[in-house]
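Engineer: here's a sequence, model it:
(one chain, ligands or ions: 1)
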Amino acid sequence: KRVAVLISGRGSNMSALIGAAMDPSYPAEIVAVLSNKPDAGGLATAARYGIPAEGVDQRLFLDRAAHERALIERLDAYRPDIICLAGYMRLLTPLFVGHYAGRMINIHPSLLPLFPGLHTHERVLEAGMRIHGCTVHFVTDDMDEGPIIAQAAITVERGDTPDNLANRLLRAEHRLYPHALRLVADGTVRQDGGRAVIAESRG
Ligand code: GRF
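Structural biologist: A predicted model of the protein is given here:
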């Protein structure tokens, strides 16, 4: 399967996906990396791996819809089967979500449906949670609400700060995302409306 990755920053999850896809037996290849930020560090990383990497600067567009149309045009030039959002920090409208319905996934740094939105590490500590985690889900019109594909949990340690909790979680994210993308790319899990369905064992 041909996979395009969308980033806004350093792209450490993107790097984990690139690393996993280097295994010739992995059922996906990363064919392009795009960002809404032309200076996103992950673009340089992707280019070093020889992967086409483009910034589509949101500031150059009149509104969100115009930016999304440009993004779709650039993305579809690579004929992606699956879109992976990885640290992509811009809300997507139904126009974009609809265009990639059923084949766009995202990683969120919490155990959804708990803690959708931003600053999840602070909020987990504030709530006194003893565990934290990350979720890969299909993207739907509602932010951080789509059908869950896979999750990983970590423990919250005494004295944890948001920063070291986030860093410990990133290590789990870098294992979870390649695992979740494999499930989607090899057809084990697919989106059926509001549900993530495990495909019947194929005999
Ligand atoms: C990660 O915590 C990820 O879960 C969230 O954005 C953060 C940065 O990700 N979506 P990355 O290092 O840019 O992949």
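
Engineer: in the longest helix along the chain, what's buried?
Structural biologist: Looking across the chain with DSSP state H, the single longest helix is helix 162-185. Residues of helix 162-185 classed as buried under the neighbour-count rule (16 or more other CB atoms under 10 Å) are 165-166, 168-169, 172-174, 176-178, 180-185. From N, CA and C alone the C-beta is placed, and that goes for glycine too.

Engineer: what's the following helix or strand after that helix?
Structural biologist: Following helix 162-185 in sequence order, the next helix or strand is strand 189-192 (DSSP states H and E).

Engineer: backbone dihedrals for the closest residue to the ligand within the chain, please?
Structural biologist: Here the residue of the chain nearest the ligand is G87; by CB to the nearest ligand atom that distance is 2.5 Å. Here is the backbone geometry of G87 (degrees, to the nearest 10): phi 70, psi 30.

Engineer: tell me the contacts of it?
Structural biologist: G87 makes contact with 7-14, 42, 107, according to CB atoms under 8 Å, 6 or more residues apart in numbering.

Engineer: mind checking which of those are buried?
Structural biologist: By 16+ other CB under 10 Å, the contacts of G87 give 7-9, 11-14, 42, 107 as buried.

Engineer: if we check the ligand, which of those are in contact?
Structural biologist: 7, 9, 11-14, 107 (CB under 6 Å from any ligand atom).

Engineer: among these, which are in strands?
Structural biologist: Among these, DSSP state E puts 7, 107 in strands.

Engineer: quick one: the helices in this structure?
Structural biologist: Per DSSP H, the chain carries helices over the ranges 12-21, 41-48, 64-76, 94-99, 120-126, 162-185.

Engineer: quote the end-to-end distance of stretch 34-41.
Structural biologist: One end of stretch 34-41 to the other measures 11 Å (CA to CA, to the nearest Å).

Engineer: rewinding a little: tell me which of the ones next to the ligand among the buried ones among the contacts of G87 is nearest to R195?
Structural biologist: I107 (19.2 Å; CB to CB).

Engineer: please list the residues of this protein that sit near the ligand.
Structural biologist: 7, 9-14, 86-87, 107, 109, 134, 170, 173.

Engineer: tabulate these (TSV), appending pLDDT and distance to A153.
Structural biologist: TSV is the format used below for the residues of the chain next to the ligand (pLDDT from 0 to 100; distance: CB to CB, whole Å):
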residue	pLDDT	distance to A153
I7	98	25
G9	97	24
R10	96	24
G11	97	24
S12	98	19
N13	98	17
M14	98	23
A86	98	20
G87	96	20
I107	98	14
P109	98	12
C134	98	8
L170	98	14
E173	98	12
